[in-house]
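> Sequence below, structure please.
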Amino acid sequence: MKIVILDGFAANPGDISWEGLKALGECTIYDRTAPEEVLERSAGAEVILTNKVIINADHMAALPELKYIGVLATGYNVVDTAAAKERGIIVTNIPAYSTASVAQMVFAHILNISQQVQRHSEEVHKGRWTNSKDFCFWDTPLMELRDKKIGLVGLGNTGYTTARVAIGFGMQVYALTSKSHFQLPPEIKKMDLDQLFSECDIVSLHCPLTPETHELVNARRLAMMKPNAILINTGRGPLINEQDLADALNSGKIYAAGVDVLSTEPPRADNPLLTAKNCYITPHIAWATTEARERLMNMAISNLQAYIAGTPENVVNK
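From the prediction side, this is the model:
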């Protein structure tokens, strides 16, 4: 069985073993694959693994041996799943492998913003503490999280794990969720979207990207937020209208934002968030802890083993 991994570097830049996949067939691994290289590199493959390389209907039509596409991520919008289903090609994803890591990044951003960790560390290294007349200094607001309201847009695996962390900090937790009140623990309360944006001190996005959620954070909703509010996005970049968010930050309509994802990745040099006031950006690394990537690798192996056994798991195009 010929296995081709089109863009393995992001998930495994060399610190995790590929041996488990190599044991399942003739395995060729590419760090990165440009769109024009997909067909040449995938020729004759029964199995393709992809992270962000797009596999469309035209590719499938030109690859008659292709029977299985494994997405090395939870989101699988890089594959035309309808076309795959028509051709009998199984498409799988890797759900929930990075739940704990993403929730951790949510609070990495929240804690950095609420305590201004980055700024104060930089000031210390510039010599400001050494030259201080007092035993300490700060020149930005420092926020205690206890009793602050956090609103979670979505309460799936990551949203729920984030909620548990927030509860540990003593925060009041609200969520936009399809779950009923009876399905929620008493520490998590339901709230509609506009109310969540208008009443919460921190809003964190945990919903999938769909036509309905595209740019759900826009000028109208940002105008509802408190001037000291914080927005966090570790979900998908297009959940936010980036120009609207930049305008809200620069005008002081909201206090700060922490984002791990942008609408285009890598971002264009003119992305307005790159120069926006109080906007803290990490390069889509919430998922990338060593532990999460090891789980990803193990689940990719397990998915392929299940396919070989005739009992495929985590199929997204049934």
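> need the contact list for Thr311.
Contacts for Thr311 (C-beta atoms under 8 Å, 6 or more residues apart in numbering) come out as none. (Glycine included, C-beta is placed from N, CA and C.)
> Which of the three states applies to it?
Three-state assignment for Thr311 (DSSP: H, G, I helix; E, B strand; the rest coil): coil.
> I'd guessed Leu63 sits against Leu39; true?
Yes. Applying C-beta atoms under 8 Å, one finds Leu63 in contact with Leu39, separated by 7.1 Å.
> Which one's more surrounded, the two?
Leu63 (22 against 12; other C-beta atoms under 10 Å).
> Quick check: phi and psi on Asn233?
phi -130, psi 110 (degrees, to the nearest 10).
> Apologies, that question was intended for Tyr280.
phi -110, psi 120.
> Quick one: residues contacting it.
For Tyr280, the contact set (C-beta under 8 Å, 6+ apart) comprises His109, Asn112, Ile113, Gln118, Ala256, Ala257, Gly258, Val259.
> Would you pull up how far the longest helix along the chain lies from the middle of the chain?
Using DSSP state H, we find that the single longest helix of the chain is helix 290-308. Here helix 290-308 is found 19 Å from its chain centre; the criterion is C-alpha atoms, centre = their mean, to the nearest Å.
> With stretch 38-45 instead?
The answer for stretch 38-45 is 29 Å, by C-alpha atoms, centre = their mean.
> contacts for it?
Here stretch 38-45 has contacts from 2-4, 6, 28, 30, 33, 48, 53-55, 59, 62-63, 65-66, using C-beta under 8 Å, 6+ apart.
> Show me the chain divided up by domain.
Residue ranges for the domains of the chain, per the TED database: 1-95+288-307, 97-279.
> Now render the ones you listed as JSON lines, adding mean pLDDT.
As requested, the domains of the chain are exported to JSON lines (pLDDT from 0 to 100):
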{"stretch": "domain 1-95+288-307", "mean pLDDT": "97"}
{"stretch": "domain 97-279", "mean pLDDT": "97"}
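> Mind putting those into CSV with distance to Lys318?
Shown next, in CSV, are the domains of the chain (distance: least, C-beta to C-beta, whole Å):
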stretch, distance to Lys318
domain 1-95+288-307, 8
domain 97-279, 18
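> Which strand or helix spans Leu231?
In the assignment (DSSP states H and E), Leu231 maps to strand 230-233.
> Could you pull out the buried residues of that strand?
Ile230, Leu231, Ile232, Asn233 (16 or more other C-beta atoms under 10 Å).
> Which residue comes closest to Thr290 once chain neighbours are left out?
Excluding the flanking residues, the one nearest Thr290 by C-beta to C-beta, 6 or more residues apart in numbering is Asp15, at 6.7 Å.
> which one of the contacts of stretch 38-45 is nearest Pro208?
Ile54 (18.3 Å; C-beta to C-beta).
> In this structure that closest one contacts Val78, no?
Yes. With contact defined as C-beta under 8 Å, Ile54 reaches Val78; the gap is 5.0 Å.
> who's more crowded, those two?
Neighbour totals were compared for Ile54 and Val78, and Val78 leads with 19 against 13 (other C-beta under 10 Å).
> Surely that one is in contact with Leu49?
No. With contact defined as C-beta under 8 Å, Val78 does not reach Leu49; the gap is 11.4 Å.
> State the distance from Pro208 to Pro185.
To Pro185, Pro208 is 23 Å away according to C-beta to C-beta, to the nearest Å.
> quick one: which of the two has more around it?
Pro208 (14 against 11).
> Arg164 is in what secondary structure piece?
Element membership for Arg164, per DSSP H and E: helix 157-168.
> for that helix, packing partners?
Applying 3 or more C-beta pairs under 8 Å, 6 or more residues apart in numbering; DSSP states H and E, one finds that helix 157-168 makes contact with helix 99-115, strand 149-153, strand 172-176.
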